[in-house]
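Chemist: fold the following and give me the result.
(chains A, B and C)
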Amino acid sequence: MELTAIVIGLSLVEYAVFSMLCGRARRRCGVVAPATSGDPTFERYFRVQQNSLEQLIIFIPAMFLFAHYLSVPVGAGLGLVFILGRALFARGYYRDAPKRALGFGLSLLSNLVLLLGGLIGALIAYF
Amino acid sequence: MELTAIVIGLSLVEYAVFSMLCGRARRRCGVVAPATSGDPTFERYFRVQQNSLEQLIIFIPAMFLFAHYLSVPVGAGLGLVFILGRALFARGYYRDAPKRALGFGLSLLSNLVLLLGGLIGALIAYF
Amino acid sequence: MELTAIVIGLSLVEYAVFSMLCGRARRRCGVVAPATSGDPTFERYFRVQQNSLEQLIIFIPAMFLFAHYLSVPVGAGLGLVFILGRALFARGYYRDAPKRALGFGLSLLSNLVLLLGGLIGALIAYF
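Modeler: Below is the predicted model of the structure:
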């Protein structure tokens, strides 16, 4: 399971980078805590972090279940597609909100395959 | 632990549905990214997703700990109550914010029992 | 791994307390759902919960990986520093937003050490 752990760790390092970029955007755009809105540029950085969080709550357990019940290398490959998708999502969103679509779709699709695959694998193992 | 994995997987499928309904509400209500406010209907769909995320960060590890240290079938039963509570929460919230209360309470209660039970089980195993 | 489970459980109990304090602040400040802004005091309670969620998505897997691949007692010690940092963060933020800095830094630092340590440990085990 080392490969699974490495991919999960990498996805979290990427997310930590998004979080730090969001913190930097807060300072640069002059958005004073506790506010999280008021400047469209900051809001894009904030949404990259938040949306990644919304996806990671699925990704981490799904990655683990897929690797455990179906296949470690296929799970790791899908995990890398997810990480790449998140990078494209962030890069696009930082430029302009509509440019987030490709990366969003790529990471969502790989995430859903991991989740449904992991769930089906667990169901097969149970019955 | 297959049963635990299945219940965790189902809770994430439910959350993925909430996320997709939120994405659809964004388009229907004309809330343009990166904004997450401005339309009360969208905000209810957004809060269903966000509040479920706020609960799942407890639910997933707590479910695992409860099943590992106390009981797989009791944990799975509590997990199904959590999933049912989330469905009632969403159904109520989509109609009118105050109608979220019953489902909120049901999922919160089962979540806290899972968390405290899992923690007590780990403490007993340690000492 | 009981020690790891206990520290993860404690971090989630702390987060559950932040969530309940946020719910209480919602009622006291008269912020009606689905709104999450409009009252600076409520917004500080809300951000304590949200920011803890943003950190826990890293903390829980990182704690597990660090303990599994490097050291259970060192991981548990860093986990306790994280929990303490979160308490200082909340206590400061509830009083005034700039007072959150020390606790924020302490929890972020311990979290990053757990994440990078866990990832390096997994890489060493793999190669």
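Chemist: model confidence score at A:Ala25, please.
Modeler: On pLDDT, A:Ala25 comes in at 96.
Chemist: could you check how many residues crowd around it?
Modeler: 20 (other Cβ atoms under 10 Å in any protein chain shown). To be clear about C-beta, it is placed using only N, CA and C from the backbone, and glycine gets the same treatment.
Chemist: now it, nearest residue through space, not along the chain?
Modeler: A:Tyr45 (3.7 Å; Cβ to Cβ, 6 or more residues apart in numbering or on different chains).
Chemist: give me the element the one you found is part of.
Modeler: A:Tyr45 belongs to helix A:40-69 when assigned by DSSP states H and E.
Chemist: what comes up buried for the helix or strand that that helix is followed by?
Modeler: Using DSSP H and E, the helix or strand that follows helix A:40-69 in sequence is helix A:72-95. By neighbour count on 16 or more other Cβ atoms under 10 Å in any protein chain shown, the buried set for helix A:72-95 is A:75-76, A:78-79, A:81-83, A:85-90, A:92-94.
Chemist: show me the contacts for the residue most central in space within chain A.
Modeler: Geometric centre of chain A, nearest residue: A:Ser52, 4.1 Å, by Cα atoms, centre = their mean. Counting by Cβ atoms under 8 Å, 6 or more residues apart in numbering or on different chains, A:Ser52 makes contact with A:14-15, A:18, A:86, A:89-90.
Chemist: now, which of the residues you listed sits nearest C:Arg24?
Modeler: Proximity of the contacts of A:Ser52 to C:Arg24 (Cβ to Cβ) peaks at A:Tyr15, which lies at 29.8 Å.
Chemist: ok, now which ones touch the closest one?
Modeler: By Cβ under 8 Å, 6+ apart, the neighbours of A:Tyr15 are A:49, A:52-53, A:56, A:86, C:57-58.
Chemist: how near is the residue lying farthest from the centre of chain A to A:Gly121?
Modeler: Of all residues in chain A, A:Phe127 has its C-alpha farthest from the mean position, at 31.4 Å, by Cα atoms, centre = their mean. Distance of A:Phe127 to A:Gly121, computed by Cβ to Cβ, to the nearest Å: 11 Å.
Chemist: likewise A:Met63?
Modeler: 12 Å.
Chemist: and the two? which has more neighbours close in?
Modeler: Set side by side, A:Met63 and A:Gly121 show more neighbours around A:Met63, with 27 against 22, by other Cβ under 10 Å.
Chemist: counting neighbours, what do you get for A:Tyr126?
Modeler: What A:Tyr126 shows, counting by other Cβ under 10 Å, is a neighbour count of 12.
Chemist: ok, it touching B:Thr4?
Modeler: No. Using Cβ atoms under 8 Å, A:Tyr126 makes no contact with B:Thr4, being 10.2 Å away.
Chemist: need the pLDDT of the residue nearest to A:Phe89 when sequence neighbours are not counted.
Modeler: Distance criterion Cβ to Cβ, 6+ apart; nearest residue to A:Phe89, sequence neighbours excluded, is A:Gly103 at 3.0 Å. On pLDDT, A:Gly103 comes in at 97.
Chemist: in what helix or strand does A:Gly103 lie?
Modeler: helix A:101-126.
Chemist: ok, A:Leu65 - contacts?
Modeler: A:114-115, A:118-119, A:121-122, B:5, B:8-9.
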